[in-house]
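> One predicted model, sequence on top.
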Amino acid sequence: MISVQEQDFNQQVEYDRLKCKTSIGAIVTFTGLVRDINAGQSVSDLSLEHYPGMTEKCLTDIVEQAKTRWNIIASTVIHRVGQLTISDQIVFVGIASQHRGDAFAACEFIMDYLKTEAPFWKKETMINGETKWVDARETDQQAISKWQHK
Amino acid sequence: MIKVLFFAKLSEQLGCRELTVESDSIKDCEQLLQYLCEYKDDWSSILNAQSWLKAVNQSMTSNNVVLNDGDEVAFFPPVTGG
């Protein structure tokens, strides 16, 4: 399941949805939250813009790539857009697999590619009212390279 | 017609999110970029200020793709989701 949405999501609902077959022996989930400090500055709010259509296509491609590398029985990727505030949930990736190794790896792979390829952009509002587009991080790009040598 | 989209910081700087361009004289992405650089006074400096990413028909590419009538081309900053 892939969803780009404004509304929040519920961990238990998503976990139960992933637990769909008796062959599943492992579920790994990742949740990204809005941090109160970024690059040393206090953040009060975050807005997320995306490229409708391409975003969904890109997330589908990333999940399909993961499926060619690992045993995945069920998967969920949810990414929120619009106005968010401190500690809000931004992104959810959940992988259900027979064994934990595949679930851990696929979850990390999907997050690493989502961060460098999916067309989302964050804009922060600071405590002092200033707004700033978040810059892409070199470390996110480096995270991809570990999957390219495997 | 070619549909051109701008996102995030780039759309803010250009003051434009979307425009359509007649495709007759534009054969590829380089020609489109050239056209956009001349579209308004400050667009050349904004478009050349950093290396923006590009997607043709919603697939990211760094190549000079040949463009056809009905294509959608988007320009945007490096992505920062997650």
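Here it is on my side, so go on.
> who's in contact with the residue in chain B that chain A sits nearest to?
Evaluated by C-beta to the nearest C-beta, chain B has B:Gly81 as its residue closest to chain A, separated by 2.6 Å. Every residue, glycine included, has its C-beta placed from N, CA and C. The contact partners of B:Gly81, taken as C-beta atoms under 8 Å, 6 or more residues apart in numbering or on different chains, are A:48, A:50, A:79, A:90-91, A:114-115, A:118-122.
> restrict the residues you listed to contacts with chain B.
A:48, A:50, A:79, A:90-91, A:114-115, A:118-122 (C-beta under 8 Å from any C-beta of the partner chain).
> Take these and lay them out in TSV including secondary structure and pLDDT.
Below are those laid out as TSV (DSSP: H, G, I helix; E, B strand; the rest coil; pLDDT from 0 to 100):
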residue	secondary structure	pLDDT
A:Leu48	strand	98
A:His50	strand	98
A:His79	strand	98
A:Ile90	strand	98
A:Val91	strand	98
A:Leu114	helix	98
A:Lys115	helix	97
A:Ala118	coil	98
A:Pro119	coil	98
A:Phe120	strand	98
A:Trp121	strand	98
A:Lys122	strand	97
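> What is the end-to-end distance of stretch B:19-33?
Between the opening and closing residues of stretch B:19-33 lies a distance of 13 Å (C-alpha to C-alpha, to the nearest Å).
> So among the contacts of B:Gly81, which ones count as buried?
Members of these that pass the buried threshold by neighbour count (16 or more other C-beta atoms under 10 Å in any protein chain shown) are listed as A:48, A:50, A:79, A:90-91, A:114-115, A:118-122.
> which one of those residues is nearest chain B?
When those are compared against chain B (criterion: C-beta to the nearest C-beta), the nearest one is A:Phe120, at 2.6 Å.
> Any idea what the closest one is bridged to?
A:His50 (DSSP bridges).
> Spell out the secondary structure type for the spatially closest residue to A:Arg35 that is not a sequence neighbour.
For A:Arg35, the nearest residue in space outside its immediate sequence neighbours is A:Val43; the separation is 6.8 Å by C-beta to C-beta, 6 or more residues apart in numbering or on different chains. Counting by DSSP: H, G, I helix; E, B strand; the rest coil, the backbone at A:Val43 sits in strand.
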